[in-house]
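Participant: please work out how this folds:
(2 chains)
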Protein chains: 2
Amino acid sequence: MKAMLRPLLNEDRSDLERMLSRIKEFDQDDQSLALELIDTYLQNPDQKDYVFILACDEQDRPMGFACYGPTPLTDRTFDLYWIAVAPEYAGQGLGSRILSEVEARIVETKGRMLVIETSSSPIYHLSRQFYIKYGYTLSETLKDFYMDGEDRVTYMKKFPSA
Amino acid sequence: MKAMLRPLLNEDRSDLERMLSRIKEFDQDDQSLALELIDTYLQNPDQKDYVFILACDEQDRPMGFACYGPTPLTDRTFDLYWIAVAPEYAGQGLGSRILSEVEARIVETKGRMLVIETSSSPIYHLSRQFYIKYGYTLSETLKDFYMDGEDRVTYMKKFPSA
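Facilitator: Modelled structure (predicted):
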């Protein structure tokens, strides 16, 4: 599977909106929040809080994306806010390609740590397995954070400091 | 000590900027981030993401404030983003009065949980003691989050569900 990585552009918005609506792990609220972040970025692509990496096919159509950024008030800690792959490309290494690029960029800027917060829900089982496979450690569990019975789980990975 | 609680107004901005600069726990980055949140609110006081509660003296001058809001993607979980008391009013029960008001408002809207993230640094020892005194439980520690040797510590309190 060929994928090109490039920044997010205005003309990608409707494609991404459609993609988000087809990802079964994302409910309506997830989709709205992801779109809000996309709009925040598109309104001001020069801000430094949110960085988008888009994976596109040979026709330059979005296949997946990630959004990450520096965590305020920290010394070179970064948050992975979203990582999403269109259902038809799931399980083919695209998530790994996107995550590797995020990590490479963070390491390039002397980043120290990447933090990923997600849910303990069975819906996110594959996501959690994915983070563990790529060397993330489950560092924290905040019981009942999302709702009674659904915890926030926090994964992290440290990078060799430069 | 008499204090009136009221919403944040445009004319408070410069008073709060000066107050923030006098609080020794807040470095330059903390102050900037707090002011950014104040500006976000003042630009659109009708949004629901950030709620400010201001404590004022008899001349209506700010003595302290809190900012909290509903945590995205959760079922009635709230975040306490900031709580600040001017140094001359520290240790006189004002923080407790403000926090009680935050909790009362959250309970009023059937809130389920309040989450407070802070630092393990000795600078915040009194803040952490304050949260524990008011029934918050240390639920998580994310090692080295702020910098090597400075962890993120997460406190939480659940409210009786309505």
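
Participant: what sits up against stretch A:32-44?
Facilitator: The contact list for stretch A:32-44 (Cβ atoms under 8 Å, 6 or more residues apart in numbering or on different chains) reads A:8, A:10, A:13, A:16-17, A:20, A:26, A:47, A:50, A:52, A:67, A:81-82, A:84, B:72-73. Heads up, the C-betas are built off the backbone N, CA and C, glycines and all.

Participant: so who does A:F130 touch?
Facilitator: Going by Cβ under 8 Å, 6+ apart, A:F130 touches A:G95, A:S96, A:L99.

Participant: and it, what's its pLDDT?
Facilitator: pLDDT recorded at A:F130 is 97.

Participant: for the one 3 residues further on, same thing?
Facilitator: A:K133 is assigned 97 on the pLDDT scale.

Participant: got the residues of chain A near chain B?
Facilitator: Residues of chain A lying close to chain B (Cβ under 8 Å from any Cβ of the partner chain) are A:29-30, A:33, A:71-75, A:77, A:112-113, A:115, A:139-148, A:154, A:156, A:158.

Participant: so where's chain A shaky on pLDDT?
Facilitator: Low-confidence segments of chain A, defined by pLDDT under 70: A:162.

Participant: and the closest residue to A:P72 other than its chain neighbours, how many neighbours does it have?
Facilitator: For A:P72, the nearest residue in space outside its immediate sequence neighbours is B:L33; the separation is 5.5 Å by Cβ to Cβ, 6 or more residues apart in numbering or on different chains. By other Cβ atoms under 10 Å in any protein chain shown, the residues close to B:L33 number 16.

Participant: ditto for A:I23
Facilitator: When neighbours are counted by other Cβ under 10 Å, A:I23 registers 17.

Participant: can you pull the contacts of it?
Facilitator: For A:I23, the contacting residues are A:A84, A:V85, A:A86, A:P87, by Cβ under 8 Å, 6+ apart.

Participant: A:K157 too?
Facilitator: A:K157 sits next to A:E103, A:M113, A:L114, A:Y134, A:G135, A:Y136, A:T137 when contact means Cβ under 8 Å, 6+ apart.

Participant: any idea which element it lies in?
Facilitator: Element membership of A:K157 [criterion: DSSP states H and E] is strand A:150-158.

Participant: go on, A:S161?
Facilitator: Taking DSSP H and E as the definition, A:S161 sits outside all helices and strands.

Participant: identify each buried residue in stretch A:97-115, please.
Facilitator: If you call a residue buried by 16 or more other Cβ atoms under 10 Å in any protein chain shown, then stretch A:97-115 has these buried ones: A:R97, A:I98, A:L99, A:V102, A:E103, A:I106, A:G111, A:R112, A:M113, A:L114, A:V115.

Participant: could you measure from the residue nearest to A:P72 over to A:T74?
Facilitator: 11 Å (Cβ to Cβ, to the nearest Å).
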